[in-house]
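J.: 3D, please:
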Amino acid sequence: MPGVGKHPKEKMPALWCNGSIAVLLLAAMIDFVVGDPWDWLHPVQVMGWSIQHYQAWVFQSISSAWGQRLAGVGLGLGLPLLSGAIAAALVMLAGQIHLALAIAIAAVILASCLAARSLRRAAAEVLTPLRQGDLITARARLGLYVGRDTEQLSEAEILRAVMETISENATDGVMAPLFYGLLGLMISPAAGAGLAIAYKALSTLDSMIGYQSPPYQDLGWFSARCEDIVTWLPCRLTVVTIALLSRRPRRVWDLCCRDAPADPSPNAGWSECAYAAALGVQLGGVNCYRGEVKHKPLLAEPLQSITMPVIEQGLQLTRWAMGSWLLGAIVISWIVAYIP
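T.: Numbers count the residues shown, from 1 in each chain. Coordinates of the predicted model:
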């Protein structure tokens, strides 16, 4: 009969047969242990320099709204495609030398797209002086990571800002790039590195120019819209994962369906609400941006106050969510490879 006597390797998916599992595990270990050291050149820095130079040229050379919108389309397509192509090419070139070198380079690239350790470090930099009663330093450090005005924030407001930051960025900083990395790794290490870095480029564009206010409303509209679209699925999968990890999936999902749609972002509100519901806290409320007061929708129910241990639990949820996706990818790949 056809297929009798065939070795399982003959039908192994890419995650097993081309070193992608090694890429996955090595990338997760690099992010957990090393993270993104400040004094190392990072792909996001290169992307940031490119965006700054491009936007400076656009603002100096193109005055019409439609011209800037077209320039935004070129940037929104060009930077992710070019970044992904360069990353994939590096891995493929390394593969011509040795598979181990390709695995190592792909793992470093994928790790650079994951911000789990960076989120933990950012939270610690704010919480450490806050724990010591140094509100001035805590406010100053928080101002490095959030867009809101921090000079007058109380301790409770600082804690809420940290909780909102780690819950929002858990999706676009950790789970979404991991999702696209996993998707690409089903094909090859080069595809995994390329898709992950392409998503990171789009996310960087959104964070730098994806605003609806001047002067970015025309240049950044395309990048912001694309980022919303490509983040939609990994965001919902993250919400489901957090809901399951909370052991109260129905409650978390119901609260997200009730409150998250009120947020102006199609993804940020869902991510924040999932964490808030899982931890029994409430996010959202009054924020001040450059002196302008804005009211963000309230997310979930305030069953307890936001405290430092609660923030640690939120960071732990992200670690467990990331680990569950890694384990799930390995298990699914094993099942496909070995079960007829």
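
J.: going forward, measure contacts between C-alpha atoms and count neighbours the same way
T.: OK.

J.: Run through the residues that contact the spatially most central residue of the chain.
T.: By Cα atoms, centre = their mean, the mean C-alpha position of the chain lies nearest to residue 173, the distance being 1.8 Å. Contacts for residue 173 were tallied using Cα atoms under 8 Å, 6 or more residues apart in numbering; they are 113-116.

J.: would you list those residues in JSON lines and tack on distance to residue 333 and pLDDT?
T.: JSON lines is the format used below for the contacts of residue 173 (distance: Cα to Cα, whole Å; pLDDT from 0 to 100):
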{"residue": "113", "distance to residue 333": "23", "pLDDT": "94"}
{"residue": "114", "distance to residue 333": "22", "pLDDT": "93"}
{"residue": "115", "distance to residue 333": "25", "pLDDT": "89"}
{"residue": "116", "distance to residue 333": "24", "pLDDT": "90"}
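
J.: mind listing which of these are in helices?
T.: Among those, DSSP state H puts 113, 116 in helices.

J.: Take the contacts of residue 173 and lay them out in JSON lines including neighbour count and distance to residue 29.
T.: Below are these laid out as JSON lines (neighbours: other Cα atoms under 10 Å; distance: Cα to Cα, whole Å):
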{"residue": "113", "neighbour count": "31", "distance to residue 29": "13"}
{"residue": "114", "neighbour count": "30", "distance to residue 29": "11"}
{"residue": "115", "neighbour count": "23", "distance to residue 29": "12"}
{"residue": "116", "neighbour count": "24", "distance to residue 29": "11"}
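
J.: which one of the contacts of residue 173 is nearest residue 304?
T.: For the contacts of residue 173, the minimum distance to residue 304 (Cα to Cα) is 25.0 Å, reached by residue 116.

J.: all helices for the stretch 151-300 of the chain, in order.
T.: 155-170, 176-185, 189-209, 221-246, 249-259, 268-279 (DSSP state H, counting those that start in this stretch).

J.: For residue 312, find the nearest of those helices.
T.: helix 155-170 (9.3 Å).

J.: so for that closest one, what's the average pLDDT?
T.: Mean pLDDT, computed over helix 155-170, is 96.

J.: what comes up buried for it?
T.: If you call a residue buried by 16 or more other Cα atoms under 10 Å, then helix 155-170 has these buried ones: 155, 157-170.

J.: Quick check, residue 197 in contact with residue 81.
T.: No: contact criterion Cα atoms under 8 Å: residue 197 and residue 81 do not qualify, at 9.3 Å.

J.: the more surrounded of these two?
T.: residue 197 (32 against 19; other Cα atoms under 10 Å).

J.: Show the contacting residues for that one.
T.: Contacts of residue 197 by Cα under 8 Å, 6+ apart are 80, 83-84, 87, 109-110, 113, 177.

J.: what about 10 Å?
T.: 43-44, 80-88, 109-114, 177, 180-181, 191, 203 (Cα atoms under 10 Å, 6 or more residues apart in numbering).

J.: mind listing what the residue nearest to residue 203 when sequence neighbours are not counted touches?
T.: Using Cα to Cα, 6 or more residues apart in numbering and skipping residues adjacent in sequence, the residue nearest residue 203 is residue 227, 6.2 Å away. Going by Cα under 10 Å, 6+ apart, residue 227 touches 76, 172, 199-207, 210, 267.

J.: Kindly reformat those residues as CSV containing distance to residue 135 and neighbour count.
T.: Shown next, in CSV, are these (distance: Cα to Cα, whole Å; neighbours: other Cα atoms under 10 Å):
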residue, distance to residue 135, neighbour count
76, 39, 24
172, 29, 27
199, 36, 26
200, 33, 28
201, 34, 30
202, 34, 27
203, 31, 25
204, 30, 24
205, 32, 25
206, 30, 21
207, 27, 14
210, 31, 23
267, 31, 25
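
J.: And those, which is closest to residue 150?
T.: Out of these, the member with the shortest distance to residue 150 (by Cα to Cα) is residue 207, at 18.9 Å.

J.: what sits against the closest one?
T.: Per Cα under 10 Å, 6+ apart, neighbours of residue 207: 201, 220, 223-224, 227.

J.: What helices and strands are in contact with the helix or strand residue 332 falls within?
T.: Using DSSP states H and E, residue 332 sits in helix 308-338. Using 3 or more Cα pairs under 10 Å, 6 or more residues apart in numbering; DSSP states H and E, the elements in contact with helix 308-338 are helix 14-17, helix 20-33, helix 116-131, helix 155-170, helix 176-185, helix 221-246, helix 268-279.
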